[in-house]
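Engineer: Model the following, please.
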Amino acid sequence: MNESIEIFDGPPSFSDLVDRVMTKYGCRVDEISLRGRFDCGKARAHYVLMKLASDANWKHYKDVVHEANVACLEVIVEIVRMPGPNVVMREEVTVVNHNGTQESEMLHHVLGETERDFDLAIANDDFSNNIFERDEANIDVDNVSMGSEDCELEEDGVVGEEDISMVHKAICESSMVNAEGTSIGESPVIKKGMKFNSLEELKFFLADYAVRLHRHFSVVHSDKNLRYNVMCKQGCHWRVWSRLISSTGQWRISNVVQPHTCRSSQPKREHLQCTAKYLGRRILGIIRKDSETSVPSLVESIFIFSGYRVKYSKAWRAKQHAVALLWGDWKESYGMVPRVLSAITYYNPGVKWWIDSCGMMVPDNGVLKHILQRVFWCFPQCSEAFQHCRPVVLVDGTFLTGKYKGTLMMAVAVDPEQQIVPLAFALVESENNESWSWFMKLVRVNVLGPSRIVCMISDRHHGLLNCAKDHIDGFPPLVHRWCMRHFAANMSRRQKSNRVIGKLKLLCTVHTEREFREKLEDLVKDLNDDAKEWLKGEMGDKDKWAQAFDEGGMRWGIMTTNFSESLNGVFKGIRSRPVAGIIEYTFEKCNAYFVNRWGKARDMLDQGYRIGQVADNYLSEAELRSVHHLAEPFGPERMVYSIRSYGTTNIGGESHGGRHYRVDLHEVSCTCNVPQLLHLPCSHFITACKARGLNFESPMYMSPLYSREHTIKIWESSFQPYLDPSQWPAYEGVGYVPNPSLMRNKVGRRQKKRFTGEMDVMAAPGYPLLEAAYDLHHRAHHLADMNENLTPLRARVHSPLRWDERYAQYLQRAGFLDIAVQVVGGLPPMDGPLLTAMVDRWRPETHTFHMPFREMTITMQDAAMILGLPLHGLPVTGIIQNENWRDMVEMHIGIRPPELEGGDSSKKTSGVSSAWLREHFEPWHRDDALPTFYHVWKHVRPVRGNPDRRYRAYTNEFDVLTQYQVEWKPYDRQQLSEIVFSPTCYRDRELWRCTTPMILYYVVEFHMPHRVMRQFGRMQPCPPLELSTSQQLHSIDRRKRYKENDWRVKHDRYIHMWQNKEGCDPEGGPYWRPNNEYIRWYCTSTRTKVKPSWTNVPIEDAPSDDDADIADAYDTVTRHGTQPERAPLHDYMGQQLARLSNEAG
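Structural biologist: Reported below is the predicted structural model:
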């Protein structure tokens, strides 16, 4: 049923209406029948049809509509043709006139059946279900639910017209959705006898019909094992009956009453059938083409093909539903990975793939399953293609933007046409040492092979720097070169100047050492001190970034990773797909590359082009320059020539003044270094070949890897389709699930672009103990490497704890009663600058403080000896309850916290604020306090001097601290014989040296005493046992980004480790003795100095940066290594506070 609008110049007469219909549809006057519809109801709609056959009927109809509730003219035009013996085509046209002045035409096209005549005169919304039941009972059909033979079971389902089996388990391909997401058939037609492969297909077909015609329907009966019946929600006679055919599992429309006689719903409003699930199927083509399509663009696309502007949230849900239909659920997609790879391998023998779970397993529905931490795959067509490429591989990675974090790693080569050749892929948790080493080992073994020495060009990520040094038995070493653009981008950190960056790039690309020295001198003139120092430090590795020192021409002239980054651009649109969809896309894209590029290479070869684009462009220019060169032979047998390049010309026409080059045709070398670096003849070499009568394009002088024949060999392999899941071989291997710690819990849009201005992920920090992912944002990096001036952190503290006897029963029950001693005695004041200086030295990689001489940390022994807390027991974690928390507060303290005013959800919290507690339970009220003393206590006392100055002092003291100024065993009974420790301090002493995670609700921090054995008086192993900490674990904080209600599930892995921890004797092992080996290892493995000393004079003699700063006496105990409980100025301010109090009376 089609609808269109026709505009008339004025109120049409009956003859004008008939002429317009005949002109528009090309029919005769005897083929049309006109009827007018109007609403004669009062409280509810009640429609009546009036026959229109003359001008009198038309005038009478307009008068009736003018007196009706709604002044709207609607004319239904029925056009009857006989194209076949059993088909009647009806075209119904409704002419609508709002307010009786301007009239428009709504055209409906319905293909119906002649067995049911449309002769209803009244249609309203007073339609009961028992009428529906009675009509259904009178349908003259066999019992299709039992699968009778008379039910036309031999007919196929309607898969060609409106098939919606789009999911990965589809039986047949769909033709319903094109690339723009719109249906091919713009006019859905309902016919009796239509069959559908599933109930979901039937539901979608009916919903699509309703949305396109802007009609709503309601479901009368829905039984997945029997029937599915719907009726028009607006009350007209439109109805559809459908039943299940039990023998085939298909659904068949058993009867239909049409067309709609009600008014269409107004577009741009909501539609009951326009659900997210329905829209997800309509936009399948859009998502398949670009899975990173933005939600606002989807909103516009939905409006174009449906006429309804949906909300952002519905469009987002529709996108997620489409993704699930195409590539499966996010979690299930990880389980699909081995099945997809097995299917590809079955139809394409030789595919190599590996899955690494790193030995991790998690419970999934009560069953332990392996975690899919990494997966590698490469196609045999790509491995064979690399054997005909230049021995250069470019690697890079791009982060995923889906529900789970991860990185897609890729290795590519370059063909003679300067086109990328995909080689291998991998999905890993992140870019780190282990993942890059794992990926490159598999690439070297399965793609590069042992026959050639291969050069790897990449950025300077520390993982790539390390993996280039890995040794594999039977394989040649991997030569590593750095990307010129990434290298130059590191200069911008020291000096942001386009002129400097351009000169540095030119320095990287020159061919000779002489040119290198000249360009270097010119560059140094423009560099600042920081940039000079950085470039000086890089000169030891100039063979990795300067082409002039590229021994053996391992780069083959390739200076950047632009090719691998262009492949990143190709895969940018699929980073938001589930992992199984990413693997399928790599197969499809590689197949498209091989098909298209093989055809282009064959056409170029047939046209006589024997050399690839790279060599052809270079040789064309070189041959033009060779015309101006002069060759002079030196020994005909030695094949050595002196080539004089183009200079100036005198009056006699003789050239002179050009530079001279030595060409050796036997060694294939030139002093310009081009043949050695690019493996192509330079203009001087071409001149010598012409003088000798040799072909400079011979394989002796130009590598055959530049020929177009090798281009054809690269792309001549063919892929085989791996069909649909119903034809895949059965997979009976291990089941996999994603790593729960990689799931994104952050609310809001996911990052799709890198916000850093650097080309590198990060250059290697230079210290093996430090990881770039942590060090990039660490305060010590900004202080020591970036020379930034940071301010002290502000300590987040609460009011001092006050003891109340009511606490005792709860603390005793938990075994924490000993904490009462600390509360009653008072906690030491928080010194923000001192804590900041300690934070600068805290490293999340090792969970220790990196001091100038060795690592130190807070151990369980400190917790036991200072606080007297028990160490054994269950982890403090569990369910965080947000509901009814005010009731719990009222039950315990007798006062109910107030509700939020005005429904302000931005201040929603699940805890009591400190301000509210102080207001109701502050023991010291202002009315009871002396005004002067209260003012001094609240406002004067916190002043402790200049925090910036104290922070610099603490930083300076830590940098010059020595191991002999540290009390390594503060709890030694022999040194503290006058102090008697409680026996509770020693009850769990076997856990003091236990390596285990410590858990407090969302926080998990590893206890690593094995790195600080000197604190126990024992010998420190060198190097200590490596225990990697999770970066995702450190990202969990108190911000409301995580939807976790039960942290026991989130941290199940760490709880299991805590429950299975093993104790040990804290006094076991060899006693400590001086170990120079450890000191040497430590000083070269980490950053020992946070910041150069800002002054070497005592604080009392140092110049003050604040005139109002009070210069106190120098705290000598700090210089000797004793850590004071108060800041250097605290004593002085305490004296000043006492003086002010006395003066105030």
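
Engineer: Now do the helices in the stretch 1001-1145 of the chain.
Structural biologist: 1031-1034, 1047-1050, 1052-1059, 1076-1085, 1116-1119, 1130-1143 (DSSP state H, counting those that start in this stretch).

Engineer: Which of the ones you listed comes out lowest on mean pLDDT?
Structural biologist: Among the helices of the stretch 1001-1145 of the chain, helix 1116-1119 carries the lowest mean pLDDT, a mean of 38.

Engineer: Now do the strands in the stretch 151-300 of the chain.
Structural biologist: 195-196, 217-223, 227-232, 239-245, 250-257 (DSSP state E, counting those that start in this stretch).

Engineer: Quick one: closest of those to residue 1062.
Structural biologist: Across the strands of the stretch 151-300 of the chain, the minimum distance to residue 1062, taken as CB to CB, is reached by strand 217-223, at 58.8 Å. Placement of C-beta: from N, CA and C, glycine included.

Engineer: Pairing partners for the closest one, with directions?
Structural biologist: strand 227-232 (antiparallel) (DSSP bridges).

Engineer: buried ones in the strand it pairs with?
Structural biologist: 227, 228, 229, 230, 231, 232 (16 or more other CB atoms under 10 Å).

Engineer: confidence score at the residue lying closest to the second one once chain neighbours are set aside?
Structural biologist: This points to residue 228. In space, and not counting its chain neighbours, residue 228 is closest to residue 242: 4.9 Å by CB to CB, 6 or more residues apart in numbering. Looking at residue 242, its pLDDT stands at 95.

Engineer: for residue 621, what are its contacts?
Structural biologist: If a contact means CB atoms under 8 Å, 6 or more residues apart in numbering, then residue 621 has residue 683 as its contacts.

Engineer: Phi first, then psi, for it.
Structural biologist: When read as degrees, to the nearest 10, the backbone of residue 621 gives phi -70, psi -40.

Engineer: That one and residue 674: what is the separation?
Structural biologist: 12 Å (CB to CB, to the nearest Å).

Engineer: if we can go back for a sec, the residue nearest to residue 228: what's it in contact with?
Structural biologist: Residue 242 neighbours (CB under 8 Å, 6+ apart): 202, 227, 228, 229, 251, 252, 253, 254.

Engineer: can you redo the residues you listed as TSV with pLDDT and distance to residue 1059?
Structural biologist: TSV is the format used below for the contacts of residue 242 (pLDDT from 0 to 100; distance: CB to CB, whole Å):
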residue	pLDDT	distance to residue 1059
202	93	52
227	93	55
228	95	52
229	95	57
251	95	53
252	95	58
253	94	60
254	93	61
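
Engineer: nearest to residue 323, of the buried residues of strand 227-232?
Structural biologist: Among these, and counting by CB to CB, the member closest to residue 323 is residue 228, at 27.1 Å.

Engineer: Confirm for me that that closest one is in contact with residue 199.
Structural biologist: Yes: between residue 228 and residue 199 there is a contact under CB atoms under 8 Å: 6.4 Å.

Engineer: Mutual contacts of those two, please.
Structural biologist: With CB under 8 Å, 6+ apart as the test, residue 228 and residue 199 both reach residue 251.

Engineer: Mind pulling up the pLDDT for the residue nearest to residue 314 when sequence neighbours are not counted?
Structural biologist: Excluding the flanking residues, the one nearest residue 314 by CB to CB, 6+ apart is residue 276, at 5.1 Å. Confidence at residue 276, expressed as pLDDT, is 92.

Engineer: count of neighbours near residue 276?
Structural biologist: A count of nearby residues for residue 276, using other CB atoms under 10 Å, gives 18.

Engineer: residue contacts, it?
Structural biologist: 314, 315, 317, 318, 321.

Engineer: swap in residue 998?
Structural biologist: 875, 1004, 1005, 1006, 1007, 1058.

Engineer: where in the stretch 951-1100 of the chain is pLDDT low?
Structural biologist: Low-confidence segments of the stretch 951-1100 of the chain, defined by pLDDT under 70: 973-979, 1028-1045, 1092-1100.

Engineer: show me where it has strands.
Structural biologist: 996-1000, 1003-1007.

Engineer: I'd like those strands as JSON lines, with distance to residue 334 appended.
Structural biologist: Output for the strands of the stretch 951-1100 of the chain, formatted as JSON lines (distance: least, CB to CB, whole Å):
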{"stretch": "strand 996-1000", "distance to residue 334": "25"}
{"stretch": "strand 1003-1007", "distance to residue 334": "23"}
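
Engineer: Can you spell out which helices and strands pack onto the helix or strand encompassing residue 354?
Structural biologist: In the assignment (DSSP states H and E), residue 354 maps to strand 352-356. For strand 352-356, the packing partners by 3 or more CB pairs under 8 Å, 6 or more residues apart in numbering; DSSP states H and E come out as helix 330-347, strand 374-378, helix 433-443.

Engineer: Go through the next helix or strand after it and flag the buried ones.
Structural biologist: Next in sequence after strand 352-356, counting helices and strands by DSSP H and E, comes strand 361-364. Neighbour-count burial for strand 361-364, counted by 16+ other CB under 10 Å, picks out 362, 364.

Engineer: Could you point out the helix or strand that follows strand 361-364?
Structural biologist: Downstream of strand 361-364 (by DSSP H and E), the next one is strand 367-371.

Engineer: Hmm, residue 408 is touching residue 426, no?
Structural biologist: Yes: contact criterion CB under 8 Å: residue 408 and residue 426 qualify, at 7.5 Å.

Engineer: The two: which has the busier surroundings?
Structural biologist: residue 426 (25 against 20).

Engineer: Which strand residues bridge the more buried one?
Structural biologist: Applying DSSP bridges, one finds that residue 426 bridges with residue 376, residue 409.

Engineer: Who are the contact partners of it?
Structural biologist: 374, 375, 376, 377, 408, 409, 410, 435, 438, 439, 442.

Engineer: try it again with 6 Å
Structural biologist: With CB atoms under 6 Å, 6 or more residues apart in numbering as the criterion, the residues that contact residue 426 are 376, 409, 439.

Engineer: can you tell me how far it sits from residue 279?
Structural biologist: 35 Å.

Engineer: And residue 816, by the same measure?
Structural biologist: Separation of residue 816 from residue 279 (CB to CB): 55 Å.

Engineer: Who has more neighbours out of those two?
Structural biologist: Ranked by neighbour count (other CB under 10 Å), residue 816 and residue 279 place residue 279 first, with 26 against 15.

Engineer: so the more buried one touches residue 317, yeah?
Structural biologist: No: Residue 279 is not in contact with residue 317 according to CB atoms under 6 Å; the separation is 8.3 Å.

Engineer: Show me how far the helix or strand where residue 499 lies is from its chain's centre.
Structural biologist: Using DSSP H and E, residue 499 falls within helix 498-509. How far helix 498-509 lies from its chain's middle: 33 Å, per CA atoms, centre = their mean, to the nearest Å.
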